[in-house]
Every structure is written in structure tokens, then in C-alpha cells.
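>>> Whatever this is, show me its structure:
(chains A and B)
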Amino acid sequence: MKYSIIRFPGSNCDWDMFYTLQDVMNVTPVFVDYREEELPENTAAVFIPGGFSYGDYLRSGAIARFSPIMEAVKRFADSGRPVVGICNGFQVLTEAGLLPGALRRNDSLNFICKPQKLTVENSQTRFTSRFNLNQTVMFPIAHGEGNYYCDEDTLKKLESNQQILFRYQGNPNGSTDDIAGITNERGNVLGMMPHPERASDALLGGADGKLLFQSLIESVAQNI
Amino acid sequence: MYNVKVYVTYKKSILDPQGEAIKTALHRMEHQDVMQVTVGKYFEMQIKDNGQNIDEQVNKMCDELLANVNMETYRYEITEAAKVEE
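Down below sits the predicted model:
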């Protein structure tokens, strides 16, 4: 099984993700170029890493969604298999319509780069089964446009379907309802602004993020 | 040929932090009378007449790319340009 990491022009957390998957989690990551039209065979999960795809032109993630590989990513997601977008990856997934809502400029207008405490809001998902409900975890954030927005109807749906997996403690960017990470209704597409791959090794200052990768890899092994 | 101008701004219900910051700066310049600043994006396009409804085409471009309709709204102006010999 392969863990496919999509590389757009301007992706810059691709190696962080690769390192975490290969050296920390001992699974097989592969880079997939944005010009490809198919994912590698035996792809178990797709990761869209952080960065500034297409220079954030127009809006973060807006142009990446038109890359040839995104049609394959959509088909993969539609088949119920796991897709994870971190930071710019989250922005790409909302722009592509795979996740509801949008990411606005931080309310402070500042680019924020710091360790951030989060609360685990749902530990019954394929991405969070290794966490405890209401557990506090520390993941780094590094974004200028991480201010999650959705309308009230969407927010109600997110809450009633338990699609909110992580909330900020001390909202850093103005996100609606302190939202830091959500899934789609089906629960197989995750988008989050904080970086679990940068918190996957004690050498990096913390290993809470490892739990997310463990959860996902276990769910793949159990074919959930 | 059409000349098209598109203006994209945040919806009214959404705080525009850049607009607020610029308003504060204008107040510091003693332009206290500035009540509201909206920051947006402006696009100019030249579009060939392909026989299809230009209004529908521009609408689609805005809905699908130029604006993120989750949080932004848009308006546009279409004017017919002088005919170009091809």
C-alpha cells in the first residue's frame, strides 16, 4: 500500500509529510506530481500537503483545484477512501468542493506561526481513533489564511454529524466556532490548518501528531 | 468582442479585516469621515463573441473561479467593444 503525497508548484510541506510517513510511521509514501492524471495503484490514502500552491494566486487553493491530478483525487474521495489536506491542503479541498466552507485571511491580518493547543472533539473517526475525546494536543500552525468560515446551516450540519474533529483553544485566527479541522459528511475527507506532521517526533518538540497517522494507518489496515 | 469588468468583495455578513485596517489608517490620516472601506478584487477581461450568452458565461466564471461564493459576492459590467477584424 502506498501513501500518495500530491505535489503542486509551491507545495512546501511535502518532505515533512514524506519524512513522517516513511521514517516515523514506517509506511511507504510516494510523491505524485500535479500533472499526473491517475494516482499510483494501491494508493491507501492521499495527502495534500501545506505550502503555497500556485503562489496562492487569486485565493489560496483556488488554482490547484484545476490541476490534472485533482480529478483523480476527487474520484478517490468519492470511492470513500481517505484524503487528508493539511494547511494549504485544507484550502485546496474547500476550493475543490470536497469539504464545506472556506478559509479567510486571519482576523489579525498576521501570518501566525506557533505551537497551538487544540481540543479533540471527536475520537470516533478513522483519523482520530487513537486520541481521547476532549484531549488537549499541541500541533504547530503556520498560516495567513486559516480563518475558517461557513454559514449557519453548514455549521449546524457539521455539529450534528460530528464532522468537527479539532477546535482551537484560544482561537488564533478568528475561525467560526473555533474550528481547526473538519471532515466531509461521509467522514473520509479531512482538512485541518494545524500541522500534525510537524508534531510527529519528540525531536520536533512534540509527538501528538503521530496519533493521527497511527489512527489512519490502522483504519487502512482494518479496511475501514 | 466584449470588455468585461468584474468586482469581487466579501459578502456583507463577513468581516473584511483588511478593509477595517485600512479604515483605521485613514482615520489616523485625519480622514475621520471615512465610514466604510471594502477591499476587493478587480478583473478586466476581453472575451470573444462566440454566439453564446455572454452574461451566462461571465456568471459561470465568477461562480466557479473568480469568486468563492461561500464568502464572496461579485458584480460585473459588460460592454461591447468595437468589432475586431480577424
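
>>> Now the closest residue to A:R186 other than its chain neighbours: phi and psi?
Counting by CB to CB, 6 or more residues apart in numbering or on different chains, A:R186 lies nearest to A:G80, which is 6.5 Å off, once chain neighbours are set aside. Yep, even glycine has a C-beta here, placed from its N, CA and C like the rest. Phi and psi for A:G80, reported as degrees, to the nearest 10, are phi 90, psi 0.

>>> what about A:G80, neighbour count?
By the measure other CB atoms under 10 Å in any protein chain shown, the count of residues near A:G80 is 11.

>>> correct me, but it touches A:V189?
No: using CB atoms under 8 Å, A:G80 is not in contact with A:V189; the gap is 9.7 Å.

>>> Now do the end-to-end distance for stretch A:32-40.
Taking CA to CA, to the nearest Å, stretch A:32-40 runs 8 Å from one end to the other.

>>> State the mean pLDDT of it.
Averaging pLDDT along stretch A:32-40 yields 98.

>>> what comes into contact with that stretch?
With contacts defined as CB atoms under 8 Å, 6 or more residues apart in numbering or on different chains, stretch A:32-40 is touched by A:2, A:4-9, A:30, A:46, A:64, A:67-73, A:76.

>>> Give the PyMOL command for selecting the buried subset of those residues.
Command for PyMOL that selects the buried part of the contacts of stretch A:32-40, burial taken from 16 or more other CB atoms under 10 Å in any protein chain shown:
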select buried, chain A and resi 2+4+5+6+7+8+46+64+67+69+70+72+73+76
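
>>> In strands, which of the contacts of stretch A:32-40 appear?
In strands, judged by DSSP state E, the following of these are found: A:2, A:4-7, A:30, A:46.

>>> Show me the strands in chain A, by range?
Here chain A has its strands, by DSSP E, at A:2-7, A:28-33, A:43-48, A:83-86, A:102-104, A:112-120, A:136-143, A:147-149, A:164-168, A:179-183, A:189-192.

>>> for chain A, what are the low-confidence residue spans?
A:224 (pLDDT under 70).

>>> in the worst-scoring helix or strand of chain B on mean pLDDT, what's buried?
In chain B, no helix or strand scores lower on mean pLDDT, DSSP states H and E than helix B:17-28, which sits at a mean of 93. Under the neighbour-count criterion of 16+ other CB under 10 Å, helix B:17-28 has B:17, B:19, B:23 buried.
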